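> sequence plus the predicted model coming up.
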Amino acid sequence: MALFPNYILCIIIKYLFDDEHLPFSYKLSLGTIGKAVLKCLSGRYSGKFKIDTKDKVQLHTSEYCLIKSIKSIKINLKYSNSKNNTAIESFIHIQNIFKDLEILDIHYPQRDFTLSNLTIDYFPNLKKLILQGFKISENDTKQIQRLPPLEELSIISFRDELVPFVILLLNQLKSSIVGLSLELYQEPEESVVLLSNYLKTYKQLNRLYLSFDDGYTQHLMDMIDKNQNQLQYLTFEVFDNDQIYRFMNMLDMMSNLTNLSLEGYLMVDPSLPLFPRLKHVRHLKIQGYHSVMSKMLLSNLGSPCSLETLEIQSLPYSVQKNIEMFIQSNNSLTTLKLKLHITLDLKNLSEYISKHPKLQNLYIHLSIDKNKTHQTKIFSKLHLSSTLQLIHVEISDKKLSKETNFLNTALNYLLSPKPLLHPKPPFTLLSSSKNKSCYVRT
């Protein structure tokens, strides 16, 4: 029986280890294949993990254990049937592994949640805590004082009456926190008003993401207005025309705001005037707002323009002409990130990108249909650019992401011909992993 050479084995193992659909316990078992694989994985994969509690994971402190240290972990408790914290307790007892943990992301849907184990004793270096889908227990208010000094807090909840507890958390973290992300739904208006009034005096935040039910936009805008002087990073949703124009006019006074992300599906009345030009925002991301996207691009044609990075998620046909006009007239961008569907006619876009005077980094995310033959013109002119240094290509296919036979997926990827979805020379392939490829100028 023929055996794979170690370097071939490591290529396959690395592919499997990167697959987010593989059980964590299976990934751990890969380290037992042999010393060469253990050495390969231990050196490269010791920072970030995703754990489902359906996994029966046994971590230990042996030198042969694959996991030596963890910086970031995502724990999905969806499959846990217990009514206590045994799912978390099964991990945190390994203090030598979690002492370096900086980011903890816990999904705890439809369950009571307690902070009893999320203390500075277990997590002395924890900087960011993400809590998704939970209900606070009565004991949590007693545990708040034992939390580590977090720098960032993110809470997503579809339960009501969570605001008083959030305020207690923020009081405790006042000396350390600089980033706050709140997605609170089904909260009564009086709770949103309470939070709005509290955050008006909470002046140490420079990162803010707020999302509430439709109808509370006024309170959301009030929070932003009172914190406008210190905010550097802002992500939010707006649901009506009056408030989006209020915000766009507010941007002129937010001199420290360099990173802005807009999310949602507000339809701006096309008869309304253009937005004020961006003066301070250097990094802009727009997701979902097709009409806001169009008006934002048209409002910032030509120079001067403050933008250095532009990211557009899911470019629709209705906005394609506007992005082409923007790129053609712009001379400030150095990084452009676009999520495109391969059926769009992208020849002109490719040409305008190639002629941009400063663009250095291009990130293209192409959505394709696995069962069809694909042709795209987005790469047709990029090689003519005199400034582009890096082109990152990601190809997404929903059917491919649902593949369950992981070994076959790995072998098929390694052995099958790749579609010709890449730039021409002088760009050459620097690295490739699954559906992502990176090309650099040579």
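Structure's in. What do you need?
> so Met438 touches Ser432, yeah?
Heads up, residue 438 is Cys, not Met. Yes. Using C-beta atoms under 8 Å, Cys438 is in contact with Ser432, at 7.4 Å. All C-beta atoms are positioned from the backbone trio N, CA, C, and that covers glycine.
> what about the stretch 101-250 of the chain, any weak spots by pLDDT?
For the stretch 101-250 of the chain, the stretches with pLDDT under 70 are 108-114, 116, 134-140, 160, 214-215.
> can you pull out the strands in it?
103-107, 112-113, 128-132, 135-136, 152-157, 179-184, 207-211, 233-236 (DSSP state E, counting those that start in this stretch).
> turn the ones you listed into CSV, columns for mean neighbour count and distance to Asn197.
Output for these, formatted as CSV (neighbours: other C-beta atoms under 10 Å; distance: least, C-beta to C-beta, whole Å):
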stretch, mean neighbour count, distance to Asn197
strand 103-107, 19, 29
strand 112-113, 18, 26
strand 128-132, 19, 23
strand 135-136, 19, 21
strand 152-157, 19, 18
strand 179-184, 20, 15
strand 207-211, 19, 14
strand 233-236, 20, 18
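> so which of the ones you listed is nearest His365?
strand 233-236 (19.1 Å; C-beta to C-beta).
> contact partners of the closest one?
179, 181, 206-211, 220, 224, 257-263 (C-beta atoms under 8 Å, 6 or more residues apart in numbering).
> restricting to C-alpha, output that strand in PDB.
This file holds the C-alpha atoms of strand 233-236, laid out as PDB (Å, rounded to 0.1, in the frame of the first residue of the first chain):
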ATOM      1  CA  TYR A 233     -15.200  53.600  14.100                       C
ATOM      2  CA  LEU A 234     -18.900  53.600  13.600                       C
ATOM      3  CA  THR A 235     -21.300  50.900  12.200                       C
ATOM      4  CA  PHE A 236     -25.100  51.400  12.200                       C
END
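> direction included, what does it pair up with?
strand 207-211 (parallel), strand 259-263 (parallel) (DSSP bridges).
> as a markdown table, those with distance to Phe427 would be great.
Output for the strands paired with strand 233-236, formatted as a markdown table (distance: least, C-beta to C-beta, whole Å):
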| stretch | distance to Phe427 |
| --- | --- |
| strand 207-211 | 35 |
| strand 259-263 | 28 |
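> any chance you could map the helices in the stretch 51-200 of the chain?
Assigned by DSSP state H, counting those that start in this stretch, the helices in the stretch 51-200 of the chain fall at 86-92, 95-98, 140-143, 163-172, 189-199.
> oops, could you answer that again for the stretch 251-400 of the chain instead?
290-299, 317-329, 347-354, 398-401.
> which one of those helices lies nearest to Leu147?
helix 398-401 (35.7 Å).
> Ile106 bridge partners, please.
In beta-bridge terms (that is, DSSP bridges), Ile106 pairs with Ile75, Leu131.
> same question for Leu366.
Bridge pairing for Leu366 - DSSP bridges - gives Leu340, Ile395.
> quick check: it touching His392?
No. Here Leu366 does not reach His392: they are 11.4 Å apart, not a contact under C-beta under 8 Å.
> between these two, who's got more neighbours?
Leu366 (23 against 17; other C-beta atoms under 10 Å).
> ok, that one - contacts?
So Leu366 contacts 340-342, 376, 378, 393-396, 421 (C-beta under 8 Å, 6+ apart).
> ok, now Leu272?
Leu272 sits next to 241, 245, 295 when contact means C-beta under 8 Å, 6+ apart.
> are any of those buried, and which?
Neighbour-count burial (16 or more other C-beta atoms under 10 Å) applied to those gives 245, 295.
> distance across stretch 352-369, terminal residue to terminal residue?
Terminal residues of stretch 352-369 lie 26 Å apart, using C-alpha to C-alpha, to the nearest Å.
> so how far is that stretch off the chain centroid?
Chain-centre distance of stretch 352-369: 20 Å, with C-alpha atoms, centre = their mean, to the nearest Å.
> now the contacts of Leu366 in CSV, with pLDDT?
As requested, those are exported to CSV (pLDDT from 0 to 100):
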residue, pLDDT
Leu340, 87
His341, 84
Ile342, 79
Thr376, 84
Ile378, 91
Val393, 93
Glu394, 92
Ile395, 87
Ser396, 82
Leu421, 77
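> now the strands for the stretch 301-442 of the chain?
309-313, 335-341, 361-367, 390-396, 427-433, 436-441.
> can you redo those strands as JSON lines with distance to Pro164?
Listed next are the strands of the stretch 301-442 of the chain as JSON lines, based on distance: least, C-beta to C-beta, whole Å:
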{"stretch": "strand 309-313", "distance to Pro164": "34"}
{"stretch": "strand 335-341", "distance to Pro164": "39"}
{"stretch": "strand 361-367", "distance to Pro164": "41"}
{"stretch": "strand 390-396", "distance to Pro164": "41"}
{"stretch": "strand 427-433", "distance to Pro164": "45"}
{"stretch": "strand 436-441", "distance to Pro164": "44"}
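> next, format the strands of the stretch 101-250 of the chain as a markdown table and append distance to Leu194.
Formatted as a markdown table, those follow (distance: least, C-beta to C-beta, whole Å):
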| stretch | distance to Leu194 |
| --- | --- |
| strand 103-107 | 25 |
| strand 112-113 | 22 |
| strand 128-132 | 20 |
| strand 135-136 | 16 |
| strand 152-157 | 15 |
| strand 179-184 | 11 |
| strand 207-211 | 14 |
| strand 233-236 | 19 |
